[in-house]
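**Student:** build me a structure from this.
(2 chains)
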Amino acid sequence: MMEYGYYPGCSLTGSAKKLDRGVRKICEILGHRLIEIPDWNCCGALEYGNRNELLSISGENLKKAEQIAREIVVPCPACFKNLKDANTDGVYTILSPLELLNDANLLKIEKKRDLKGQVFFPYYGCLLMRPEGNAIRNKTIMEDVISTFGGEIDGEKMKDRCCGGNQLFLNKWATEKLSTLILSKSKGTIVVFCPFCHMAMKTFAMDRKVIYLTDLLLYVMGEKRSL
Amino acid sequence: MEHIMHHKRVFELTGYSQKDFSVCLGCKICASVCTVNDLALNVNPQELLMKLFMGEQIKNDEPLVQYCTSCYRCTAACPWQIMIPEVVRAVKESLGMEARFEKAFKKCLNIWGRVYEPFVIIMSAPDLLKGGYLQYLPRWMEYAGFHFPHRVKRLSHSSGTGSLKTPAGR
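**Tutor:** Alright, predicted model coming up:
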């Protein structure tokens, strides 16, 4: 069993509680033990123009993790980016839960349901994919999950386009335009991993479902809830 | 020459120096990938860098300044990987362009050390009501849930994990 420090981030205690529950559950099933960093604070998200201030706010969390673990799992893509940036001397390894998934452990999952006949749009958004130094290593993991369990994939060209999520409460027309563009060039259930993308897609997706990848995995594993 | 002061502030905030932008080759690849082009005409991040380099005024109604989504497509494409979204955020901060939502966000950090969403929503309510956000409430029901704010013990401030001497450690 591997032990990791866990940094949920603010969204995952509120609007993205579902992602938090999903990540914890799936890590448990895969045999990863997550230890929440005691008294973690906000990473600063995308709200700071002052780089030093941002590094200081994010870096505090790494110091708080010192006694816990050197490998830290960070689900929210904004937190993931900031904690990576704050890891200036490379002492820690910052991981997205997506990076804990691979072919080997996907095959270990006991499949209670499959995704045959269903179409999914794996949507990563920006911060899991860019900039290169901050990106996840396995940039097709959502496709791998969907196809491993028999689902159909659509909209691959739009997978790393921007939904405008961080403008949602500032200039919602901008988010609406960007999200609608992505929605118009993809089909099926929208599978996301970012709380901002989830909210932007949910707000403008009309009749399409928006789910976290963790929901999809739990569905395959036979959790009672439907997708 | 107020804008020169603003520029100085931008360099302080980002840790970039004026000469860091002299390497920009003017290839405009950032302009060709910029997300804001889907929202406005002729958006060109390179022009913003040039203005900072040449000491020309940046206006707060420029589409890039107003609508940059921090998507980092520009950085990913840039031969020098210049963090243009960070520059834009610093420009916004130097021009004092924070909206209620952003102010509330930072206030949360000061009070609790974490963002407490109900507080942010209440503090930005005037903008949200005026902006017609009520129509989305039914869709946002799945985000609702109640928890009390958690107050974090903060450590004393220092940059990153390393011992940085230079600002921003670029």
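
**Student:** the helices in chain B, which residues?
**Tutor:** B:2-14, B:29-33, B:45-54, B:63-67, B:73-77, B:84-94, B:100-111, B:117-123, B:125-130, B:137-140 (DSSP state H).

**Student:** quick one: which of the ones you listed is nearest chain A?
**Tutor:** Checking the helices of chain B against chain A by C-beta to the nearest C-beta gives helix B:84-94 as the closest, at 3.1 Å. Backbone N, C-alpha and C define where each C-beta goes, glycine included.

**Student:** which residues in chain A form strands?
**Tutor:** With DSSP state E as the criterion, chain A has strands at A:2-6, A:32-36, A:71-73, A:93-95, A:119-122, A:152-153, A:189-192, A:210-212.

**Student:** what's in contact with the third one?
**Tutor:** Yep, that's strand A:71-73 we're talking about. With C-beta atoms under 8 Å, 6 or more residues apart in numbering or on different chains as the test, strand A:71-73 has contacts from A:2, A:4-7, A:23, A:27, A:32, A:34, A:37, A:62, A:65, A:83, A:92-97, A:100.

**Student:** list buried residues within those residues.
**Tutor:** Neighbour-count burial (16 or more other C-beta atoms under 10 Å in any protein chain shown) is assigned, among those, to A:4-7, A:23, A:27, A:32, A:34, A:37, A:62, A:65, A:83, A:92, A:94-97, A:100.

**Student:** go ahead and confirm A:Ile211 touches A:Val191.
**Tutor:** Yes: counting by C-beta atoms under 8 Å, A:Val191 is a contact partner of A:Ile211 at 5.9 Å.

**Student:** ok, those two, which is more surrounded?
**Tutor:** Taking neighbours as other C-beta atoms under 10 Å in any protein chain shown, A:Ile211 and A:Val191 compare with A:Val191 leading, 27 against 20.

**Student:** excluding sequence neighbours, find me the nearest residue to the residue of chain A found nearest chain B.
**Tutor:** Proximity to chain B, evaluated over chain A using C-beta to the nearest C-beta, is greatest for A:Gly49 at 3.1 Å. Closest residue to A:Gly49 apart from its sequence neighbours, by C-beta to C-beta, 6 or more residues apart in numbering or on different chains: B:Glu93 at 3.1 Å.

**Student:** give the contact list for the residue positioned nearest the centre of chain A.
**Tutor:** Among the residues of chain A, the one closest to the centroid is A:Phe193, at 3.0 Å (C-alpha atoms, centre = their mean). Contacts for A:Phe193 (C-beta under 8 Å, 6+ apart) come out as A:Leu19, A:Pro75, A:Pro77, A:Ser96, A:Leu98, A:Tyr124, A:Gly125, A:Leu128, A:Met142, A:Tyr212, A:Leu213.

**Student:** so B:Ala90 is in contact with B:Lys8, correct?
**Tutor:** No: applying C-beta under 8 Å as the test, B:Ala90 and B:Lys8 come out as separate, 11.0 Å apart.

**Student:** the two: which has the busier surroundings?
**Tutor:** Comparing B:Ala90 with B:Lys8 by other C-beta under 10 Å, the one with more neighbours is B:Ala90, at 26 against 13.

**Student:** could you find the closest non-adjacent residue to the one residue sitting closest to the centre of chain B?
**Tutor:** For chain B, the residue nearest the mean C-alpha position is B:Arg89 (2.8 Å; C-alpha atoms, centre = their mean). With sequence-adjacent residues excluded and distances taken as C-beta to C-beta, 6+ apart, B:Arg89 is closest to A:Gly49, at 4.1 Å.

**Student:** what's the neighbour count on the one you found?
**Tutor:** By other C-beta under 10 Å, 23 other residues sit near A:Gly49.

**Student:** show me the shaky parts of chain A.
**Tutor:** Along chain A, no part satisfies pLDDT under 70.
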